[in-house]
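Trainee: Sharing a sequence plus its predicted fold:
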Amino acid sequence: MAKILLIEDEKTLRFLIVQTLTQEGFEVEEAVDGEEGIQKLKNNKPDLILLDLVLPGMNGFEVLSKIKKDSELESIPVVILSNLGQEEEIKKGMNLGATDYLIKAHFTLDQIVARIKKFLK
Amino acid sequence: MINQKGAGEGEEDNSSSSPFVDDQEKKEEILTIIDNLADGLMVFNKEGKLSLINPAAQKIFELKKEILGKSIVEFSNFPNLKNLFYLLGKEIKEVFRKELEITKNLILEITSLPLLKEEKKLGSLIILHDITREKIVERMKTEFVSISAHQLRTPLSEIKWTLETLAKEKLGKLTKEQKEILEKAYDSNKRMLILVDDLLDVVKIEEGRRLYKLTFSNLEEVIQSVIESYQEKIKEKQIKFEFRVSSKKLPKIKIDVEKMSLVIQNLLDNAIRYNLPGGMITITLNSTEKEIEFSIEDSGIGIPEDQQQNVFEKFFRGSNAVKMETEGNGLGLFIVKNIIEAHNGKIWFQSKEGKGTTFYFKLPLK
């Protein structure tokens, strides 16, 4: 069973994503901000990280670059899941080493699951 | 223009009498003007050495007069002037309004012109125009658009996923009516999300800051891939579809593939949406030596004649189109036109209500 770490500050979004992923048979760990995310990441290494960008405190870009600079963690695929969607933002995320960049508003939950499965194979 | 003394006097004879008492006064007056210009000015003589620099230019580059007499090649030794040298080169080439970032807080627009006197080149004139403030405003606008997009999309995606979760019965069984009404709400919400995307596109187009990633591409392939993504809709409506490409090989053309796909998408989407079941759509692609011409013909509802002049306006929708399809925001063709024009192309159409519409566009090959 694949383990996913979800870093997302919006409670309802978190609930909906967790609900979907759990029903699909994933084990989901939740974090409400970047600091908590990095901490959980170190204690219990996930197979994939779903990362929001606009977060309280450290933003998602900073979280991503921290992960990619850490030799222990850099190999974990990070999928950005955000509603920021300007070209510059997508470029920045991909350049920092994200595996994929999904704009929340453009995807259904089922489509997100399908993407995730692709990266876990 | 320089003459201010003559303002009240006989205006007819300003060609014969000099406004200046002598050459010395003339020279001083011109130098005063140059010294007081808000734009920076630099003049290089025939030997490529700096022969004049006004205070504005000195201030921009934080220079002292000592720079006078130095050649442009020596500029590479001055940190503030390095980039100017890289832009102009040692032969001081002509440029027109080129953006040059000196530091993060200083962005210039550079124009370089040859100084000509009776076709003899006396040197070069460099004009430095400070556009830092415009750039800051542009950056703020980008930020504003980005933030509003985010703020609008966040609650809308929350609604989208909530409705999806409920409608797919992931939180429990629903009656048929409950399911239907959730699906309707889902569709309305989706329309809002599309509207946000379109508004962002409009803002970007109007700002003129659309980032064109121009590459030499094959337009036929771009069209083909859009058609692929519409196969299902075409089948669903039982439309007879044809894509005709002139037999000779089409030249590659410099386009922004992403934006051009958006153009084809919008045109094809309209042709399908406002067509009748069992109707037809024909796309043709031809080229001459100078341009590529595209057309898309449909046998749909057409555009009423009295409304045809408004077709490319923002938020325009034909009265018959609104009756047929409640969905749609009237931004598609507005965006299409802007994209075509940004490629130096032209777009037009012919339409007859009840018979169908053909949209055409032409793109120059150079």
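Mentor: That came in fine, so what should we check first? Numbering: from 1, shown residues only, chains lettered A, B, ... in the order given.
Trainee: CA atoms for contacts and neighbours, from now on please.
Mentor: Will do.
Trainee: how many other residues sit next to B:Asp39?
Mentor: Burial measure for B:Asp39: 17 neighbouring residues, criterion other C-alpha atoms under 10 Å in any protein chain shown.
Trainee: B:Val43 now?
Mentor: By other C-alpha under 10 Å, the residues close to B:Val43 number 23.
Trainee: my guess is it is in a helix, correct?
Mentor: No: assignment of B:Val43 by DSSP: H, G, I helix; E, B strand; the rest coil gives strand, placing it outside any helix.
Trainee: Show me what it bridges to in the sheet.
Mentor: Listed beta-bridge partners, B:Val43: B:Leu52, B:Leu125 (assigned using DSSP bridges).
Trainee: From B:Asp256, how far off is B:Thr142?
Mentor: 20 Å (C-alpha to C-alpha, to the nearest Å).
Trainee: Pull up the residues of chain B that are close to chain A.
Mentor: For chain B, the residues found near chain A under the criterion C-alpha under 8 Å from any C-alpha of the partner chain are B:146-147, B:149-150, B:153-154, B:156-158, B:160-162, B:164-165, B:170, B:193.
Trainee: and the residues you listed, which are buried?
Mentor: Of the members of those, the ones counted as buried by neighbours, 16 or more other C-alpha atoms under 10 Å in any protein chain shown, are B:146, B:149-150, B:153-154, B:156-158, B:160-162, B:164-165, B:193.
Trainee: Going by neighbour count, which residues in stretch B:311-325 are buried?
Mentor: Along stretch B:311-325, the positions that meet the burial threshold by neighbour count (16+ other C-alpha under 10 Å) are B:Val311, B:Phe312, B:Phe316, B:Arg317, B:Gly318, B:Ala321.
Trainee: helix/strand/coil for A:Ile116?
Mentor: Counting by three-state DSSP, the backbone at A:Ile116 sits in helix.
Trainee: What is the neighbour count of it?
Mentor: A:Ile116: 20 surrounding residues under other C-alpha under 10 Å.
Trainee: Quick one: residues contacting it.
Mentor: By C-alpha atoms under 8 Å, 6 or more residues apart in numbering or on different chains, A:Ile116 lies in contact with nothing.
Trainee: for chain A, what helix or strand is lowest in average pLDDT?
Mentor: Lowest mean confidence among the helices and strands of chain A (mean pLDDT, DSSP states H and E): helix A:87-95, at a mean of 90.
Trainee: is chain B contacted by the helix or strand following that one?
Mentor: Downstream of helix A:87-95, the next assigned helix or strand under DSSP states H and E is strand A:100-103. No: if you take C-alpha under 8 Å from any C-alpha as the test, strand A:100-103 misses chain B, and the best it gets is 9.4 Å.
Trainee: Show me what strand A:100-103 pairs with in its sheet, parallel or antiparallel.
Mentor: Sheet neighbours of strand A:100-103, with direction, are listed as strand A:78-82 (parallel) (DSSP bridges).
Trainee: pLDDT averaged over the partner strand - what is it?
Mentor: Averaging pLDDT along strand A:78-82 gives 96.
Trainee: again with stretch B:277-286
Mentor: Rounded to a whole number, the mean pLDDT of stretch B:277-286 is 95.
Trainee: Any buried residues in it, and which?
Mentor: Neighbour count says stretch B:277-286 has B:Pro277, B:Gly279, B:Met280, B:Ile281, B:Thr282, B:Ile283, B:Thr284, B:Leu285, B:Asn286 buried, by 16+ other C-alpha under 10 Å.
Trainee: biggest separation within those residues, which pair?
Mentor: The most widely separated members of these, counting by C-alpha to C-alpha, are B:Pro277 and B:Asn286 (28.0 Å).
Trainee: tell me which element the spatially most central residue of chain A is part of?
Mentor: In chain A, the centroid-proximal residue (C-alpha atoms, centre = their mean) is A:Leu50; its distance is 1.4 Å. Element membership for A:Leu50 (DSSP H and E) is strand A:48-51.
Trainee: That strand - contacts with which helices or strands?
Mentor: The criterion is 3 or more C-alpha pairs under 8 Å, 6 or more residues apart in numbering or on different chains; DSSP states H and E, and the helices and strands that strand A:48-51 contacts are strand A:3-7, strand A:78-82.
Trainee: Dump the C-alpha coordinates for it into CSV.
Mentor: Coordinates of each C-alpha in strand A:48-51 appear next as CSV, following Å, rounded to 0.1, in the frame of the first residue of the first chain:
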residue,chain,number,x,y,z
LEU,A,48,4.8,10.5,-2.9
ILE,A,49,4.1,14.1,-1.7
LEU,A,50,1.1,16.2,-2.7
LEU,A,51,2.1,19.8,-2.1
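Trainee: quick one: average pLDDT of it?
Mentor: With pLDDT averaged residue by residue, strand A:48-51 scores 97.
Trainee: bridging residues for B:Thr284?
Mentor: Per DSSP bridges, residues listed as beta-bridge partners of B:Thr284: B:Arg244, B:Ser295.
Trainee: Am I right that it is in contact with B:Phe243?
Mentor: Yes: under the criterion of C-alpha atoms under 8 Å, B:Thr284 lies in contact with B:Phe243, with a separation of 5.9 Å.
Trainee: OK, contacts around the closest residue to chain A within the stretch 151-300 of chain B?
Mentor: Closest to chain A within the stretch 151-300 of chain B is B:Ser157: 4.9 Å, counting by C-alpha to the nearest C-alpha. With contacts defined as C-alpha under 8 Å, 6+ apart, the neighbours of B:Ser157 are A:Lys104, A:Ala105.
Trainee: Give the next helix or strand downstream of the host helix or strand of it.
Mentor: In this structure, B:Ser157 is located in helix B:132-167 according to DSSP H and E. On the C-terminal side of helix B:132-167, the nearest following helix or strand under DSSP H and E is helix B:176-207.
Trainee: If you count neighbours, what's buried in that following helix?
Mentor: Residues of helix B:176-207 classed as buried: B:179, B:182-183, B:185-186, B:189-190, B:193-202, B:204-205 (neighbour count, 16+ other C-alpha under 10 Å).
Trainee: Please apply the same query to stretch B:35-53.
Mentor: Of the residues in stretch B:35-53, those with enough neighbours to count as buried (16+ other C-alpha under 10 Å) are B:35, B:39-45, B:48-53.
Trainee: follow-up on the earlier one: quick one: mean pLDDT over the helix holding B:Ser157.
Mentor: Averaged across helix B:132-167, the pLDDT comes to 86.
Trainee: so it versus helix B:176-207, what angle?
Mentor: Between helix B:132-167 and helix B:176-207, the angle formed by their directions is 170 degrees, by axes from the mean of the first three to the mean of the last three C-alpha atoms, to 10 degrees.
Trainee: residues making contact with stretch B:349-366?
Mentor: Applying C-alpha under 8 Å, 6+ apart, the external contacts of stretch B:349-366 come out as B:253-254, B:267, B:275, B:289-305, B:340, B:343-348.
Trainee: okay, how far is it across that stretch, tip to tip?
Mentor: Distance between the boundary residues of stretch B:349-366 (C-alpha to C-alpha) amounts to 23 Å.
Trainee: State the phi and psi torsions of B:Asn275.
Mentor: Here the main-chain torsion angles of B:Asn275 (degrees, to the nearest 10) amount to phi -100, psi 170.
Trainee: For it, list the residues it contacts.
Mentor: With contacts defined as C-alpha under 8 Å, 6+ apart, the neighbours of B:Asn275 are B:Asp298, B:Ser299, B:Gly300, B:Ile301, B:Gly356.
Trainee: again, 10 Å this time
Mentor: B:237, B:239, B:269, B:281, B:298-302, B:324, B:354-357 (C-alpha atoms under 10 Å, 6 or more residues apart in numbering or on different chains).
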